[in-house]
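Q: Give the three-dimensional model of this entry:
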Amino acid sequence: MPGYIEDRWLTKKPDPETGEKRQTARWGKGKRYRVAGIPGVKDRSFEKLHGPEGAKAWLAKAQHESTAGEFIDPRRGQMLLKEYIEQEWWPRRDYDNPSTEKTVRGRVWTHIIPHLGNYQLNAIKTKQLGEWLQALKASTGPGTANESWRYLSAVFQSAIDDERLTRNPCRKQTTLRVPTRPPAKARAWPKERVLAVQAAMDERFQICVDLGVGAGMRSGEVFGLSVDDIDFVGERILVRRQVKKVGAKLVYALPKGEKTREVPVPQYLLKRIQESLDRRPAQAVTLPWKDPRPPKTDREAEERAPQRHALILTSAWGGAMRRDGFDRRIWKPALAAAGVIPPPVVTTQPVKHRPGTFRTVTTYAESREDGFHALRHTFASVQLDARETIVAVSKWLGHADPSITLRIYAHMLPEADGRGRSAMQNWFESSS
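A: This is a model prediction of the structure:
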């Protein structure tokens, strides 16, 4: 096999008079042994401490793996994790959805690089991962920690593809407890709570509650609902878009999961929609489609072309509603007024760069169970209690598969009422 070991402290040929090798000018300086001559493998030097045995072991391993086409030079794994992410991994990411791109970048630059970025790729082992997980558990929730773990694993997998690592330390971990995303148990609201929260809102925003409960719509879908999406004759709502925030800008986009859907709705909801429109007619709002960034190609320009829709609900100045603004200014004040969450804490804070100036800050309690999604859960609860099929409810909610609906709402299914027992009794009696 090609390859050899060179002792750089002694001459290759012995002294003709003594028959012994002579000392070279490098005697006692630098690494003594060098492995060279293996095709596709960079030369590697070894300290005297390791002796020729270390060089021989490396030579044998490199020769074998080179012949099999599996050789990965461990020195390529000495690159710092943060340098690899910034120079190689991240530039190759290509996300169609800018919101996803922002989320991934936020997780990596906030939760991975500050903790592990200064380690070499091949120096991150179980010990370092364990310390990182402890820091994550102390600073963030299990859902974020689980996502960060998955992104780090993706970075290591990419390093394997780039022949910088031979194994992914995140894979098949048996000694570390990786945080798992806690299962969300949907909670439906009683009718009294729904009506109390709705009554605490300004009249023009009350239609949001009707649409959430009556059609199972998400808040972004409510904000993107246009007059053309209401079929008053067929008694249905077409959920065809949502308003979502990408960076600091708003765009139109398909509903979550990129699935449009039709939802049958009662006459009462259609009447409420019409009354809302009579008080405040729909207003046309133009937004880019899906991505607010300037297009770089004709195809991107076509895909991101602005769309104009007559929205049923708009902001005070006529633009599309922002979910964060809605939550802060309308939803949470209504929750507090209805007694769903505690009253807000009001504090006075100094304004940066303006000495002697203060501002009033109103802080509401965090309560994920009482977000706008609670109305969607209530819609599902009413439908399931009426014994609508999981398949139908899944379709109306816009889930990708009925199994998702079953996993989220199985606890809302009505208790068995004895029909199965009667059916089995009839089966036995007919077979006897």
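Q: Tell me how far Val104 lies from Thr166.
A: When distance is defined by C-beta to C-beta, to the nearest Å, Val104 is 25 Å away from Thr166. To be clear about C-beta, it is placed using only N, CA and C from the backbone, and glycine gets the same treatment.
Q: what does Glu20 give?
A: 41 Å.
Q: Look at these two and report which has more neighbours.
A: Under the criterion of other C-beta atoms under 10 Å, the comparison of Glu20 against Thr166 puts Thr166 first, with 14 against 9.
Q: part of a strand, is the more buried one?
A: No - counting by DSSP: H, G, I helix; E, B strand; the rest coil, Thr166 is located in no strand; its state is coil.
Q: In this structure it contacts Ile160, no?
A: Yes - between Thr166 and Ile160 there is a contact at 7.0 Å, judged by C-beta atoms under 8 Å.
Q: Quick check: neighbours shared by those two?
A: Residues touching both Thr166 and Ile160 (C-beta atoms under 8 Å, 6 or more residues apart in numbering): there are none.
Q: low-scoring stretches of the protein, by residue?
A: Within the chain, the stretches with pLDDT under 70 are 1-4, 8, 37-41, 45-76, 182-184, 413, 415-421, 424-425, 427-428, 431-432.
Q: who touches Lys13 in this structure?
A: By C-beta under 8 Å, 6+ apart, the contact set of Lys13 is Lys21.
Q: Tell me which helix or strand it sits in.
A: strand 10-14 (DSSP states H and E).
Q: What are the boundaries of the strands in this structure?
A: Using DSSP state E, the strands found in the chain span residues 4-7, 10-14, 21-23, 33-36, 44-46, 230-231, 236-239, 242-246, 249-253, 261-264, 283-287, 307-311, 345-350, 358-363.
Q: So for Ser99, which of the ones you listed sits nearest?
A: Evaluated with C-beta to C-beta, the strands of the chain place strand 242-246 nearest to Ser99, the distance being 5.3 Å.
Q: Partner strands of the closest one, with direction?
A: Partner strands and pairing direction for strand 242-246 (DSSP bridges) are strand 249-253 (antiparallel).
Q: so what's the closest residue to Leu375 other than its chain neighbours up against?
A: Among residues not flanking Leu375 along the chain, Gly212 sits closest, at 3.0 Å (C-beta to C-beta, 6 or more residues apart in numbering). With C-beta under 8 Å, 6+ apart as the criterion, the residues that contact Gly212 are Ser219, Val222, Phe372, Leu375, Arg376, Thr378, Phe379.
Q: at 7 Å instead, please
A: The contact partners of Gly212, taken as C-beta atoms under 7 Å, 6 or more residues apart in numbering, are Val222, Phe372, Leu375, Arg376.
Q: distance of the first one from Gln267?
A: Read it as Val222. From Val222 to Gln267 the distance is 19 Å (C-beta to C-beta).
Q: who has more neighbours, these two?
A: Neighbour count, other C-beta under 10 Å: between Val222 and Gln267, Val222 has more, with 27 against 9.
Q: Count the residues that sit near Asp208.
A: Careful, residue 208 is Cys and not Asp. Using other C-beta under 10 Å as the criterion, the residues surrounding Cys208 number 26.
Q: Cross-check the contact I'm expecting between it and Val222.
A: Yes - here Cys208 lies in contact with Val222, judged by C-beta atoms under 7 Å, at a distance of 5.4 Å.
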